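*Asks:* Please find the sequence and the predicted model below.
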Amino acid sequence: MKNITKSFFGVRVLSNVSLEVEQGEVHALLGENGAGKSTLMNILGGVHSRDGGTVEINGIALGTASVAESEKAGVAFVHQELNLFNNLLVFENLFLGKEILYPTGTLNKRAMAARAGELFEELGVNINPKAPVADLETSRKQLLEIAKALDAEAKLIILDEPTTSLNTPEIRHLFSIVRGLQKKGIAFIFISHKMPEVFAIADRYTVLRNGRFIKSGKISETTPQEVTASMVGREVPDKALYSVREKGEVALELEHCSGPGFSDISYKVHRGEIIGLTGLAGSGAGSLMQAMFGAVPFSGGTFKVFGKKMRRLDIHRAMKHARIGMVSSNRKENSILPDMQLLENEYISEHTLSMGKPHIFKKREIAKYNQYKKILNIKDNSWGDLITSLSGGNQQKIILARVLNTDAEIFLLDNPTQGIDVGAKGEIYKLILQLSEQGKTILVNTLEIPEIEKVADQCVVFYHGRVHAVLDRNSIDETTVMLHAAGAVPPAAARA
């Protein structure tokens, strides 16, 4: 890609950006949210047209924007927000638009299921081709997208934040698959904000900032600190933000609580505390959060908020009467309203809570939006734009603003920094600590142990739907947490 330029509505988002990827290499494309990475990849994938510059694959120039043309040239795009239909079977997703047919023109489901099985065997993964996609864990959905790329005989696969919802063993498995495909000559563009992963898998890198090319080079000839400084335009201090705070009254209390994916959970969280929840995918931490927010029902036990038993809990009651706010994982499916403006996405929860008031005062809402834009450093063009106009990380900040706007006392943050760049992550951590100092109670569910180390007072590790360990701050480290998450050591007693 040479001298690529692109503007949206008169705003220049790419200025003479160049990118070169060699056969069989993993090339890391790096930059903050809004740096232009997604736009550049959407041009390569044929989603957007370019205003200027050239694109060549194996010496053959690509013409005007067309997904079909890019796919024909060997480009496959595995998006951060996976493009799968949950109500279809695995093999139906895999062959959507390229179905195998009998001579009569009817679907040859047996052949498609068999071919899907061959692709999964090639990847070394155990996925039932006839399973509903809705039943798959996120890591399996990711591998299904890669299988689609393999079936299309892709020469270049774009992986956009592929590890956001994966735990450590799943990331290792994904990387082993990538290395195996590298040996077959397949190249990868790897977009990630996680420096340890970039340095573990990438051969070379390119950094963009504010829509411009900054630098490119070999991973072996740089450091995470140098790359991060290039991304943000300054040195980013890598130091703990944590500070000791006074605990208040008990804010949340779980007594032998059970529900879909978790059982017999007993735990107390105090006002002003930050608790990190973690475990392998499907361990129960995320399901427990959904139950506390009223999204799924408790099947047993007692759930109290500030000493009051919560009965017949649903999302509206959790927000209005328990003052609980939640940032859900998988924002594409659970959070963003793609046909609404940024402003509407930000105020919709608060407006739902105050729906007895018939009017929305736009000036007041715009003022609040601008306040959260400053606090969270949201990079937008106008509050009137659709939320889909933003990068994934900036969409996540809008969802955070939505929860802040409800004046919640208890925050349930499920993977809150997904898709957020290294500079912005520090802003989110600082915000979490500021909220706790204001007496807010915060639970953070994340697969990234360094996040828990930066902010949490305690770490609750889940294993097979139960609390396997409660670790005090001084005991939190990646090795200890992973041993408990994998059930490799005996359970550690929970605190009273």
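*Replies:* Good, I have the coordinates.

*Asks:* What are the structural domain limits within this protein?
*Replies:* 2-232, 251-485 (automatic domain parsing).

*Asks:* CSV for these, including mean pLDDT, mean neighbour count and distance to Pro491?
*Replies:* C-betas here are computed from N, CA, C, even on glycine. Compiled in CSV, the domains of the chain are given as follows (pLDDT from 0 to 100; neighbours: other C-beta atoms under 10 Å; distance: least, C-beta to C-beta, whole Å):
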stretch, mean pLDDT, mean neighbour count, distance to Pro491
domain 2-232, 89, 18, 19
domain 251-485, 90, 19, 5
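
*Asks:* possible to save these as JSON lines with distance to Ser243?
*Replies:* Conversion of these to JSON lines gives the following (distance: least, C-beta to C-beta, whole Å):
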{"stretch": "domain 2-232", "distance to Ser243": "23"}
{"stretch": "domain 251-485", "distance to Ser243": "7"}
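
*Asks:* residues in contact with His403?
*Replies:* Just to correct that, residue 403 is Val rather than His. Contacts here follow C-beta atoms under 8 Å, 6 or more residues apart in numbering; on that basis Val403 touches 325-327, 349, 411.

*Asks:* And for Val13?
*Replies:* Val13 makes contact with 6-7, 36, 39, 211, according to C-beta under 8 Å, 6+ apart.

*Asks:* Pick the one among those closest to Asp151.
*Replies:* Thr39 (27.0 Å; C-beta to C-beta).

*Asks:* Need the three-state assignment for Thr302.
*Replies:* Reducing the assignment to helix, strand or coil with DSSP: H, G, I helix; E, B strand; the rest coil, the entry for Thr302 is strand.

*Asks:* so it makes contact with His256?
*Replies:* Yes: Thr302 lies in contact with His256 (C-beta atoms under 8 Å); the separation is 7.3 Å.

*Asks:* Which strand or helix spans Leu208?
*Replies:* Assigning secondary structure by DSSP states H and E places Leu208 in strand 204-209.

*Asks:* any residues touching that strand, and which ones?
*Replies:* Strand 204-209 is touched from outside by 17, 19, 22, 25, 27-32, 35-37, 40, 198, 213-219, 222, 227, 230-233, with contacts defined as C-beta under 8 Å, 6+ apart.

*Asks:* Can you name every helix or strand that the helix or strand following it contacts?
*Replies:* Tracing the chain past strand 204-209, the next element assigned as helix or strand by DSSP H and E is strand 212-218. Packing contacts for strand 212-218, counted by 3 or more C-beta pairs under 8 Å, 6 or more residues apart in numbering; DSSP states H and E, involve strand 11-17, strand 204-209, helix 224-232.

*Asks:* switch the cut-off to 10 Å
*Replies:* Other elements packing on strand 212-218 under the criterion 3 or more C-beta pairs under 10 Å, 6 or more residues apart in numbering; DSSP states H and E are strand 11-17, strand 26-30, strand 204-209, helix 224-232.

*Asks:* show me what contacts Ala281?
*Replies:* 137-140, 165-167, 169-170, 447 (C-beta atoms under 10 Å, 6 or more residues apart in numbering).

*Asks:* Now do the helices in the stretch 51-200 of the chain.
*Replies:* 67-72, 90-94, 109-123, 138-151, 168-182, 195-201 (DSSP state H, counting those that start in this stretch).
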